[in-house]
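A.B. asks: here is my input; please provide its structure:
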Amino acid sequence: MGLPITLAEIGPRLSAGAFILNSGLGKRGADAEAAAGLHGFASGTYPFLKGIAPEQFAKGLAATEIGIGAALLTPFVPTFVAGALLTGFSGGLLGLYLKTPGMRKEGSLAPTPEGLAVAKDVWLLGIGVGLMTRGVVDRTPRVTVKKARRYADRQAKQAAREARRAARAA
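C.D. replies: From the prediction side, this is the model:
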């Protein structure tokens, strides 16, 4: 049985997956101050997060990053699924960039020095969209060796039958 990924997908999945997994592992033991900082930044852009305790938010964010990073690094997770997870996550990060005051130069998408750390996450969105596209458009049905042999055997038997018929008719 073949894996649901191709060799061309390994690089993007490895780079994004390792980056996000490392980020999540680093947030696992966030102290109260770090959790409050993460929560304050996110809830300023996404008000529905204000009702979540900062420590709970940091733990949830860490678990989410670990899960997405692991999914990207796991070869049997289908490409489209890994891409969809990455696209959703990076879309949220870019929402922070686009909606948080001071992240962009006035009237522009160009980042300020403060926004550069978040703006760089656009590469994650690009990888996610690329993986989703690859998962939908560039797929050809996977043929196992066993299926290929059965098909070849059927073709050979059909050819032999047709040859016998032609010999009898001659």
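
A.B. asks: mind listing what Phe41 touches?
C.D. replies: By CB atoms under 8 Å, 6 or more residues apart in numbering, the contact set of Phe41 is 96, 100. (Each C-beta comes from the backbone N, C-alpha and C, glycine too.)

A.B. asks: does it count as helix, strand or coil?
C.D. replies: helix (DSSP: H, G, I helix; E, B strand; the rest coil).

A.B. asks: please apply the same query to Pro101.
C.D. replies: Following three-state DSSP, the label given to Pro101 is coil.

A.B. asks: got the phi and psi for it?
C.D. replies: phi -60, psi 140 (degrees, to the nearest 10).

A.B. asks: likewise Pro111?
C.D. replies: Main-chain dihedrals, Pro111, degrees, to the nearest 10: phi -80, psi 150.

A.B. asks: report pLDDT for the closest residue to it other than its chain neighbours.
C.D. replies: Using CB to CB, 6 or more residues apart in numbering and skipping residues adjacent in sequence, the residue nearest Pro111 is Ala119, 3.9 Å away. As predicted, Ala119 sits at a pLDDT of 87.

A.B. asks: mind jotting down where the helices sit in the chain?
C.D. replies: Secondary structure of the chain (DSSP state H): helices at 7-27, 32-45, 54-73, 79-99, 116-119, 122-136, 145-169.

A.B. asks: buried residues in the third one, which are they?
C.D. replies: Judged by neighbour count (16 or more other CB atoms under 10 Å), helix 54-73 contains these buried residues: 54-55, 57-59, 61-62, 64-66, 68-69, 71-73.

A.B. asks: where's the lowest-mean-pLDDT helix or strand in the chain relative to the chain centroid, distance-wise?
C.D. replies: When the helices and strands of the chain are compared on mean pLDDT, DSSP states H and E, helix 145-169 comes out lowest with a mean of 83. With CA atoms, centre = their mean, to the nearest Å as the basis, helix 145-169 stands 44 Å off its chain's centre.

A.B. asks: sounds good, over and out.
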